[in-house]
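Engineer: here's my sequence, what's the structure:
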Amino acid sequence: MSPSVRRRRIPRRSAVTLAVLLAVGVVLTGLVQAAPPTPSPPPASPGALDPRAAAILAKPAYRHAQWGLFQQNLGTGKVVQSRYADQFFIPGSTAKLFGVSGTWRTLGGGHRFVTPIHAVGRRRYGTLSGNLVLVAQGDLTLGGRTRKNGTVAFTDIDHTYANLIPGATLTPQNPLAGIDELARQVRASGIRRVNGDVLVDPRLFRPDPELDPTPTPLILNDNVIDLLTTPGSGPGAPAGLEVRPKVAPYRVTSTVRTVAKGGPTDIDVTASPDGTRIQLSGTIAAGSAPTLRISPVKDPNAFGRTALIEALRRAGVQVTANTTGPNPAGRLPRSYQGVPTVARYTSPPYAEYAELILKVSHNLGANLGLCLMAVHAGSTDCEAGFPVLARFLDTAKVDRKAVQLEDARGGNPNDRTTPRALAQILTYWQHTPEARRFREALPVLGVDGTLADSCRHCPARGKVFAKTGTVGGGDALNERLAVGAETIAGYLQTGKDRFDVFFVGVNGAATATADVNEILGIANDVADVAAYLQQKSAG
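Structural biologist: Numbering: from 1, shown residues only. Got it, this is the predicted structure:
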C-alpha cells in the first residue's frame, strides 16, 4: 500500500470523551465505556504471587474485574508471572510504548527538528520586499520547554491537563523562546524591514481530526493559552491572573473572586468560537496555591504568524503586514530552492521529546509521532504512519496481531493489547544501545512523572520504571465511575544492571461513588502490585 493512500477507518463512537482527570501519578488517556472480556478462571501462574499482591487482586471491589499479569526475566527468558498474558486488555496510555518506540526508532533518538525562516523576495539595504516564511517542521515545543542545558523540562502534572487535574503546573521556560530566537536571527541577518507579509508554511502534513488531540505542523505552547489564577488579598477581592503566552488577538477577562480560606476553588473557562476571547469565572480560596487553567488555540497557523510578527517587532524588525488575521497560505511558494534561509531553530534530540511524552503522558506529542512517521515515509497523510509503525513492530519482534491501535496515545475505544505484546516491545529496547536512555525516559516509581506520588516511601521506590495508563467513564445507572482500565508496564530492577519486563493491569473495575478521586485507589493498587513484584524478585 502506498503511504499516500488513505485507509478506510471505522468512525469513533460519539460517546467517547477523551483526556480526563487523574492526579497522583496516573493520567487518564480516554473516557471510554468499553467492557473487558468476561472473566474466566486464570491459567496457573509460573510462580507464586506475593501474598500482598494476591490480596489486592482478591479484593471484593474487583469481583467483576479482570486482572492481567506478566513478568519475565530478561537474562534467562524465564516467565516469572503470567495471568491472561495473551488476552486483550484495554491499554490506556501504556499504548504510548508502541507509538513512541516507533517514532524514536524511525527518526532516531538523536534526530533534531530544524525549523527555518526563508526570505522570499528581493533584499536591498536591509529591506525585504517580499515575504518571510516560517516552514513548520513538527517540532513539539519549538524551544518552549528547553532548559539551558538542552534538555526538555516537564512537571509531574502537565499543563495540558490543567482543566482536568488538580495541581497541574507550568514549566518556567518562555513558551515563545524559539519564536523569539528566530526573530533575533532574522534581525542579525541584516533584515530591518519587511515590505510584505509573514507566513507559516504548514504543508509538512495534513492535520487529521481522527487523532485527538490533533497534531499540527506548527505547535506553540502545546496549542493552548495558559491561565494562572491567584487568590486576592482576602474574601471578596478579585483574583489575580497571569496569561501566557500573550499573543494578539487573544484577550482574557476574569470575574473570579476570592472566597474565605478553605472555601471552594472552582474556576470555569469559556471561549468564543474562534478561541480569541477567553472568559474565566468562579471562585478561588484565600491562601490557596495558584490554580492553572488552559484554553485551546483554534488556529495554530494564524497564532504562530502573529506571534512571529510580534517577536520580529520586539527584535527591531519592522513589518508592514497586519499583525493579526488568517495565515495567507495561498501565497506560499511551490519550493524554496534558491531562496535564502535567514533563520533556523534547532530542537533538542527526539529522545528528549520521547521522555516528555512518556513521563507526563503527553497526548499531543504521542499522536504527533504518527504524523512524523508518515512524513518520514514521504506522505503528508498521518494515516501513513501506521504502516511505518507496523513494520517497526515486526522488526522489533512484537506480535502485531496482539496489538490494536487507532491512535498513538491509547485513547481510542478500539485500542487493545496483550500483556505479552507490551513485554515484547520492552524486551526489544533492552537489547539496543539506547536501553538505558529508553528505560530512564519512563516514569520512575515514587520519583517523577505519572508515578511521582505513588509508593514514595516503599522499598521499590526508584526501582520500577514504567508507563501508566487509565481509561474510565461514567456509570449513570449506579452513580459511580466505570474504570475500563488501570495499567502499568515497564521494567523492574531486580539487581545491579538486572531488569525484568512486566505488565500489571485491571480491566472492568468500578469506583464506589462518582468521585473521580476514587480512581486513585485503583491506581495505587496497581502500583502496589508492581512494587510487590519488584520486591519479591529483588529479594
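
Engineer: only C-alpha atoms from now on, for both contacts and neighbour counts.
Structural biologist: Fine.

Engineer: list the neighbouring strands of the longest strand belonging to the chain plus their orientation.
Structural biologist: In the chain, with assignment by DSSP state E, the single longest strand is strand 480-495. According to DSSP bridges, strand 480-495 forms sheet pairs with strand 464-475 (antiparallel), strand 498-510 (antiparallel).

Engineer: so which of these gets nearest residue 65?
Structural biologist: With CA to CA as the criterion, residue 65 lies closest to strand 498-510 of those, at 4.5 Å.

Engineer: in that closest one, what's buried?
Structural biologist: Within strand 498-510, the residues scored as buried using 16 or more other CA atoms under 10 Å are 499-510.

Engineer: got the residues you listed as CSV, with pLDDT and distance to residue 396 columns?
Structural biologist: Shown next, in CSV, are the buried residues of strand 498-510 (pLDDT from 0 to 100; distance: CA to CA, whole Å):
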residue, pLDDT, distance to residue 396
499, 97, 19
500, 98, 18
501, 98, 15
502, 98, 17
503, 98, 18
504, 98, 22
505, 98, 23
506, 98, 26
507, 97, 27
508, 96, 30
509, 97, 32
510, 95, 35
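
Engineer: in the stretch 101-250 of the chain, which spans are strands?
Structural biologist: 114-124, 127-135, 193-194, 198-201, 224-230, 240-244 (DSSP state E, counting those that start in this stretch).

Engineer: find the residue at the geometric middle of the chain.
Structural biologist: By CA atoms, centre = their mean, the mean C-alpha position of the chain lies nearest to residue 362, the distance being 1.0 Å.

Engineer: how much space separates the closest residue to that residue other than its chain neighbours from residue 519?
Structural biologist: Of all residues not flanking residue 362 in the chain, residue 356 sits nearest, at 6.9 Å (CA to CA, 6 or more residues apart in numbering). According to CA to CA, to the nearest Å, residue 356 and residue 519 sit 24 Å apart.

Engineer: do you know which of the strands of the stretch 101-250 of the chain lies nearest residue 159?
Structural biologist: Of all the strands of the stretch 101-250 of the chain, strand 224-230 comes closest under CA to CA, at 7.7 Å.

Engineer: quick one, that closest one and strand 240-244 angle?
Structural biologist: Our comparison of strand 224-230 with strand 240-244, counting by axes from the mean of the first three to the mean of the last three CA atoms, to 10 degrees, yields an angle of 160 degrees.

Engineer: mind listing the helices in the chain by residue range?
Structural biologist: Ranges of helices within the chain are 51-57, 96-107, 177-188, 300-314, 350-360, 363-376, 385-395, 419-430, 435-441, 519-538, based on DSSP state H.

Engineer: got TSV for these, with distance to residue 472, mean neighbour count and mean pLDDT too?
Structural biologist: Below are the helices of the chain laid out as TSV (distance: least, CA to CA, whole Å; neighbours: other CA atoms under 10 Å; pLDDT from 0 to 100):
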stretch	distance to residue 472	mean neighbour count	mean pLDDT
helix 51-57	19	14	97
helix 96-107	17	23	98
helix 177-188	36	21	98
helix 300-314	30	22	98
helix 350-360	18	25	98
helix 363-376	16	26	98
helix 385-395	26	18	98
helix 419-430	19	23	98
helix 435-441	25	17	98
helix 519-538	9	21	96
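
Engineer: of those, which is nearest residue 70?
Structural biologist: helix 419-430 (6.1 Å).

Engineer: residue 219: which of the strands paired with strand 480-495 is closest?
Structural biologist: strand 464-475 (24.5 Å).

Engineer: restrict the closest one to CA atoms and write it as PDB.
Structural biologist: This file holds the C-alpha atoms of strand 464-475, laid out as PDB (Å, rounded to 0.1, in the frame of the first residue of the first chain):
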ATOM      1  CA  VAL A 464      10.300   0.500  38.900                       C
ATOM      2  CA  PHE A 465      10.400   2.200  35.500                       C
ATOM      3  CA  ALA A 466       7.000   2.100  33.800                       C
ATOM      4  CA  LYS A 467       4.400   3.700  31.700                       C
ATOM      5  CA  THR A 468       1.000   4.100  33.300                       C
ATOM      6  CA  GLY A 469      -2.500   4.200  31.700                       C
ATOM      7  CA  THR A 470      -6.000   4.800  32.800                       C
ATOM      8  CA  VAL A 471      -9.300   4.600  30.900                       C
ATOM      9  CA  GLY A 472     -12.600   5.500  32.700                       C
ATOM     10  CA  GLY A 473     -16.100   6.600  32.100                       C
ATOM     11  CA  GLY A 474     -19.400   7.200  33.800                       C
ATOM     12  CA  ASP A 475     -21.800   4.600  35.100                       C
END
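
Engineer: and the angle from that strand to helix 419-430?
Structural biologist: Using the same axes, to 10 degrees: strand 464-475 against helix 419-430 is 150 degrees.

Engineer: farthest from the middle of this protein: give me that residue.
Structural biologist: residue 125 (45.4 Å).

Engineer: for it, give its distance to residue 274.
Structural biologist: 39 Å.

Engineer: residues touching residue 421, list them.
Structural biologist: 398-400, 402-403 (CA atoms under 8 Å, 6 or more residues apart in numbering).

Engineer: tell me which of the residues you listed is nearest to residue 539?
Structural biologist: Nearest member of the contacts of residue 421 to residue 539, counting by CA to CA, is residue 398, at 30.1 Å.

Engineer: please report the distance of the closest residue to the closest one other than its chain neighbours from residue 206.
Structural biologist: Nearest non-adjacent residue to residue 398, counting by CA to CA, 6+ apart: residue 424, 5.4 Å away. Between residue 424 and residue 206 the distance, using CA to CA, works out to 32 Å.

Engineer: what of residue 494?
Structural biologist: Residue 494 is 45 Å from residue 206, by CA to CA.

Engineer: more crowded one of those two?
Structural biologist: Between residue 494 and residue 206, residue 494 has the larger neighbour count (other CA atoms under 10 Å), namely 20 against 16.

Engineer: contacting residues around the more buried one?
Structural biologist: 463, 500, 534-535, 537-539.

Engineer: contacts for stretch 330-339?
Structural biologist: By CA under 8 Å, 6+ apart, the residues outside stretch 330-339 that reach it are 118-120, 133, 199, 201.

Engineer: sorry, slip of the keys, the one I care about is stretch 395-403.
Structural biologist: 86, 88, 390, 393-394, 415-418, 421, 424-425, 428.

Engineer: farthest pair in those?
Structural biologist: 415 and 428 (21.2 Å).
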